[in-house]
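Novice: Here's my sequence, what's the structure:
(chains A and B)
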Number of protein chains: 2
Amino acid sequence: MSLNSFYPPVRTLMGPGPSDVHPRVLQAMAMPTIGHLDPEFIKLLDGIKSLLQKTFITKNEATFLVSGPGSLGMETCFANLIEYTGTKILICVNGFFGGRMKENADRCGAEITVVENDWGKPVDLNKVEEALKADPGIKVLAFVHAETSTGVLNDAKGLAALAGKYGCLSICDAVTSLGCVPVKVDDWGIDAIYSCSQKGLSCPPGLSPVSFSAAAVDFISKRAAKVQNWFLDVNLVMQYWSGEKRVYHHTAPANAYYGMFEALNILHEEGLENSWKRHYENHLKLKDSLENIGLEFLVEEKFRIPHLNAVKIPAGIDDLTVRKRLLNEFSLEIGSGLGPLTGKIWRIGLMGYSSNYKNITYCINALREVFNK
Amino acid sequence: MSLNSFYPPVRTLMGPGPSDVHPRVLQAMAMPTIGHLDPEFIKLLDGIKSLLQKTFITKNEATFLVSGPGSLGMETCFANLIEYTGTKILICVNGFFGGRMKENADRCGAEITVVENDWGKPVDLNKVEEALKADPGIKVLAFVHAETSTGVLNDAKGLAALAGKYGCLSICDAVTSLGCVPVKVDDWGIDAIYSCSQKGLSCPPGLSPVSFSAAAVDFISKRAAKVQNWFLDVNLVMQYWSGEKRVYHHTAPANAYYGMFEALNILHEEGLENSWKRHYENHLKLKDSLENIGLEFLVEEKFRIPHLNAVKIPAGIDDLTVRKRLLNEFSLEIGSGLGPLTGKIWRIGLMGYSSNYKNITYCINALREVFNK
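Specialist: Okay, here's the model as predicted:
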């Protein structure tokens, strides 16, 4: 017997992610490891690809898992679509993760134009169109669908359409949207999209589902300069995920892939549209209850991410004290604000398996008790 | 009940990795996910760091897990230590993974000198010293400790000493050595080292333990140019792994970290030196048996990786047929050759939890049966 083993506390996860993981997914993660070139594992890859295509609503052949967290998915999209130092890119920023896109593109050597919008407000499509019109040299338009830091849902469909209209490739951050609200890659004409495992898909963190359009793959395959990372090079990764001969790229994290496959199965047993509906209906229930205990939303109703509720911390209430008590007395995690919103908002997530009525009632009652004493 | 769940076959993993995973590690992976900023998770990070320091035999503060497979650990070392386009680096190549180092460094914009050695032979230290002498502008020396593609154990201690003598920072690939043979980071004066989870440590694949010396950290913190990836920037990652204030970087793959902590505990319950001893003794047993059934080693005895046995495929025996039969009839995985050694060698691993007498007897008897009919 080991005296040093780590036994994590059992939390209720209602922050911006990770969300609660379904027991079936946890069980899948504990199955025996097999090799990354085992014929049975290749079948699993095919199964994951097919379910990811269904989830992104795309026929894109280049739909696969990046073997790292969502932030590495972001880096994969930027590293592959920014060809050389000075490639012009337009980035929409209305929160922390738009800012991180800027940081990513900068390190790829891009020449960056930013359309800034207030934190808590959606990206203004008119400003984006003006910027695209002003510089026909812009090659890539990048935006965040659900801005996790503020709870704003941007108009991904409209933004992707603008990219198409002005001849740009589009990069969409779907980290906090996939599985919870409609994300329609083919229909909206998105060229590169990344998400994560630990929010709407309710897996443990560590994987990033991505998808690249035929136009994006064509662009990447014809780049003059190599992709700046060997690990992230879509040309190489696709030789493992596709085709007759599966060329070894890296050792795929087998057990994490097992978990992802099970999570995708759970999602599609429920049905994608049913999942969107559940997330929206639970949002309405939570919203009413939050307002009942006197909390106000940061974001105007029509721009809210339904499954990530950003509410203002009432005057006289200390952020840290409340979150500490929720964690220690109720084993309940909710999210803090990020950047300029630190101490000013909480972010209450109802994502994936966490999106259920039991969690709503528990969270509201815990908040009520903490507020009252 | 789901009809689509994936149930992997139960394999005996005796290739170049992944190796068999201890049931305790698999169980740990199935524990409930908690948040990456949860105080209990921060304790786990500290525990992992301390056990990794013990494993690398180092006091390096910058000892942590890269949240991706070993290949991403490689990229982390190169991206951080190559400062700008034209940074001079010397790379020792005597197999596939030395070649991959070259690919990594190239994408970081380095000016590369290669010391080439035959596949199957060790890196020649005299040639390395000549190359370092010839160009005092060389800033980094990179080498593979255990060259997984050929079964050669290079003289990491001697190579790191040469780096020190000529004022270079050293990068050591310990993907196939850590936990199985001595790897002494402080004693040998290695500046940047990366390994993986799925070989000597017997975790599922997906994580890369790394360690950076104080000199390397100092260099990285003073770089004029930013590290070319946001995700891999040691300056940023260390704000999460160290210090009073744990700054959110990326969402750490909690369950994979649980598995790693358990695996490190298992390793240190046995004791690092006992583990080296077990790997060596089992190598000797396997070696005798392999020779008994007529197989010859590729590598001269004194240069062999004890836990990754590269043997020549006898004339008249077809590589694929044998490996397919081992997999299908015995559920046993051994490794093929890579690159020019494809079809010419097998690589039989006895790493981590796979290194035991039961596996040895099973593998030898399976080979015997396959050879005989």
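Novice: Please count neighbours and contacts with C-alpha atoms only from this point.
Specialist: Noted.
Novice: Next, the distance between the ends of stretch A:294-312.
Specialist: 10 Å (CA to CA, to the nearest Å).
Novice: Can you list the residue ranges for strands in the stretch 51-200 of chain A?
Specialist: For the stretch 51-200 of chain A, the strands defined by DSSP state E, counting those that start in this stretch cover A:62-66, A:88-93, A:111-116, A:140-144, A:146-147, A:152-153, A:169-173, A:192-194.
Novice: quick one, what contacts A:Ala142?
Specialist: A:Ala142 sits next to A:89-92, A:101, A:170-172 when contact means CA atoms under 8 Å, 6 or more residues apart in numbering or on different chains.
Novice: how about the residues you listed in a markdown table, adding distance to chain B and pLDDT?
Specialist: Compiled in a markdown table, the contacts of A:Ala142 are given as follows (distance: CA to the nearest CA, whole Å; pLDDT from 0 to 100):
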| residue | distance to chain B | pLDDT |
| --- | --- | --- |
| A:Ile89 | 17 | 98 |
| A:Leu90 | 18 | 98 |
| A:Ile91 | 16 | 98 |
| A:Cys92 | 18 | 98 |
| A:Met101 | 10 | 98 |
| A:Ser170 | 20 | 98 |
| A:Ile171 | 17 | 98 |
| A:Cys172 | 18 | 98 |
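Novice: Mind listing what's buried along stretch A:108-122?
Specialist: With burial defined by 16 or more other CA atoms under 10 Å in any protein chain shown, the residues of stretch A:108-122 counted as buried are A:108-116, A:119-122.
Novice: Quick one: mean pLDDT for that stretch?
Specialist: For stretch A:108-122, mean pLDDT rounds to 97.
Novice: And stretch A:185-198, by the same measure?
Specialist: Averaging pLDDT along stretch A:185-198 gives 98.
Novice: and it, is it in reach of chain B?
Specialist: No: judged by CA under 8 Å from any CA of the partner chain, stretch A:185-198 and chain B are separated, with a smallest distance of 8.8 Å.
Novice: how far away is A:Ser50 from A:Glu75?
Specialist: 23 Å.
Novice: Sorry, slip of the keys, the one I care about is A:Ser5.
Specialist: A:Ser5 sits at a distance of 34 Å from A:Glu75 (criterion: CA to CA).
Novice: Compare those two (neighbour count), which wins?
Specialist: The residue with more neighbours, out of A:Ser5 and A:Glu75, is A:Glu75; 24 against 19, by other CA atoms under 10 Å in any protein chain shown.
Novice: And for stretch A:362-372, what's in contact with it?
Specialist: A:289-290, A:293, A:322, A:325-326, A:330, A:332.
Novice: and if you look at stretch A:87-98?
Specialist: So stretch A:87-98 is in contact with A:99, A:101-102, A:105, A:109-123, A:128, A:131-132, A:137-144, A:147-150, A:338-339, going by CA under 8 Å, 6+ apart.
Novice: Swap in 6 Å and give it another go.
Specialist: Outside stretch A:87-98, the residues within contact range by CA atoms under 6 Å, 6 or more residues apart in numbering or on different chains are A:99, A:110-119, A:138-143, A:149.
Novice: repeat for stretch A:212-219
Specialist: A:60, A:62, A:191-192.
Novice: try stretch A:271-288
Specialist: Residues contacting stretch A:271-288 (CA under 6 Å, 6+ apart): A:180-181, A:306-307, A:360.
Novice: now do 8 Å
Specialist: By CA under 8 Å, 6+ apart, stretch A:271-288 touches A:55, A:179-182, A:267, A:306-307, A:309, A:350-352, A:355-357, A:360.
Novice: from the residues you listed, which ones fall inside helices?
Specialist: Assigned to helices by DSSP state H, the following of the contacts of stretch A:271-288 qualify: A:55, A:267, A:357, A:360.
Novice: want to throw those residues into CSV with neighbour count, distance to chain B and pLDDT?
Specialist: Converted to CSV, those look like this (neighbours: other CA atoms under 10 Å in any protein chain shown; distance: CA to the nearest CA, whole Å; pLDDT from 0 to 100):
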residue, neighbour count, distance to chain B, pLDDT
A:Thr55, 22, 16, 98
A:Leu267, 22, 11, 97
A:Tyr357, 15, 20, 97
A:Ile360, 23, 18, 98
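Novice: helices or strands up against the helix or strand where A:Asn235 lies?
Specialist: Assigned by DSSP states H and E, A:Asn235 belongs to helix A:234-241. Contacts defined by 3 or more CA pairs under 8 Å, 6 or more residues apart in numbering or on different chains; DSSP states H and E place helix A:234-241 against helix A:214-222.
Novice: Output the helix it packs on in PDB with nothing but the alpha carbons.
Specialist: Extracted in PDB, the C-alpha atoms of helix A:214-222 (Å, rounded to 0.1, in the frame of the first residue of the first chain):
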ATOM      1  CA  ALA A 214      -9.800  22.100 -47.500                       C
ATOM      2  CA  ALA A 215      -8.700  25.600 -48.300                       C
ATOM      3  CA  ALA A 216      -6.700  25.800 -45.100                       C
ATOM      4  CA  VAL A 217      -5.100  22.400 -45.700                       C
ATOM      5  CA  ASP A 218      -4.300  23.400 -49.300                       C
ATOM      6  CA  PHE A 219      -2.700  26.600 -48.000                       C
ATOM      7  CA  ILE A 220      -0.700  24.700 -45.300                       C
ATOM      8  CA  SER A 221       0.600  22.100 -47.800                       C
ATOM      9  CA  LYS A 222       1.800  24.800 -50.200                       C
END
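Novice: just for chain A, where's the confidence low?
Specialist: The model of chain A has pLDDT under 70 over residues A:1-3.
Novice: so where's the longest helix in it?
Specialist: Chain A, longest helix under DSSP H: helix A:272-292.
Novice: For the stretch 201-350 of chain A, what lies in contact range of chain B?
Specialist: So far as CA under 8 Å from any CA goes, the stretch 201-350 of chain A lies against chain B at A:204-206, A:226-231, A:250-256, A:258, A:261-262, A:265, A:333.
Novice: Buried members of the residues you listed into ChimeraX, please.
Specialist: Listed next is the ChimeraX selection for buried residues among these, using 16+ other CA under 10 Å:
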select /A:204,205,206,226,227,228,229,230,231,250,251,252,253,254,255,256,258,261,262,265,333
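Novice: Strands - which of the residues of the stretch 201-350 of chain A next to chain B land there?
Specialist: Counting by DSSP state E, the part of these found in strands is A:Glu333.
Novice: list the contacts for the residue nearest to the spatial centre of chain A?
Specialist: Centroid-nearest residue in chain A, with CA atoms, centre = their mean: A:Val175, separated by 0.6 Å. Neighbouring residues of A:Val175 by CA under 8 Å, 6+ apart: A:70, A:146, A:194-196, A:199.
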